[in-house]
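Asks: could you work out the structure for the sequence below:
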Amino acid sequence: MILARLKAQPEFHIQQFAKIQQVTSKAGIDRICGYEGFENEAYPDSGGVWTIGFGTIKYPNGVRVKKGDKCTLEQAKAYMAYDLKSFENAVNKVKVQLNQNQFDALVSLTYNIGVSAFLNSTLVKKLNVGDYKAAAEQFPRWNKVNGKVVNGLTNRRLSEKKLFEKALS
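Replies: Residues are numbered from 1 along each chain as shown. Now for the predicted structure:
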């Protein structure tokens, strides 16, 4: 009876199982916080977008950050935790396996450039065909705001690239 049921089951395929959803490590979160810095008062970022806390541009209720807004450190941490979910979801759409360093580097990049830019990037296209080396070479391209090179972004991209290329220890 059991043998008959097994034979009736469709062939086992690993692809039938959902990919495990990765999350950013504590070190990855600390890294993003370090890049973003904490600001308790809203300010226009280098692209002119009003930002608060650790790089939040939109509150969990969907309202955009505006001039005059203030937050506590605890609120900023809560906003970041909420924001991280959408960036992690975007990186989890990558079709290849990622180690924790690669995942953290990609979440940091996505946190900075946005979900749409990340998902439509050449970096993701290269990664999705398994070309990790070519994907890593794309990080430095994301160092501009309104067409102008920003030194802080150049340094951040090099650090993210280095993390992406680093094997787990």
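
Asks: what's the pLDDT at the most centrally placed residue in the chain?
Replies: Geometric centre of the chain, nearest residue: residue 107, 1.8 Å, by CA atoms, centre = their mean. Note for residue 107: predicted pLDDT of 99.

Asks: is it correct that it is in contact with residue 28?
Replies: Yes. If you go by CB atoms under 8 Å, residue 107 and residue 28 touch, sitting 6.2 Å apart. (Each C-beta comes from the backbone N, C-alpha and C, glycine too.)

Asks: and the residue nearest to the centre of the chain, what is it in contact with?
Replies: Residue 107 is in contact with 24, 28, 32, 84, 87-88, 91, counting by CB atoms under 8 Å, 6 or more residues apart in numbering.

Asks: can you confirm it is in a strand?
Replies: No. Membership of residue 107 in a strand is not supported by DSSP: H, G, I helix; E, B strand; the rest coil, which gives helix.

Asks: state the distance from it to residue 62.
Replies: The gap separating residue 107 from residue 62 is 22 Å, by CB to CB, to the nearest Å.

Asks: farthest-separated two in the contacts of residue 107?
Replies: Using CB to CB, these span at most 12.5 Å, a distance reached by 32 and 91.

Asks: who's more crowded, those two?
Replies: More neighbours surround residue 91 than the other of residue 32 and residue 91, with 27 against 23 (other CB atoms under 10 Å).

Asks: so for that one, what's the pLDDT?
Replies: For residue 91, pLDDT reads 99.

Asks: what do you get for residue 167?
Replies: Listed pLDDT for residue 167 reads 78.

Asks: wait, what's in contact with it?
Replies: Contacts for residue 167 (CB under 8 Å, 6+ apart) come out as 99, 101.

Asks: that one - that's part of a helix, no?
Replies: No. Counting by three-state DSSP, residue 167 falls outside a helix, being coil.

Asks: show me what counts as buried in stretch 66-77.
Replies: 69, 71, 76-77 (16 or more other CB atoms under 10 Å).
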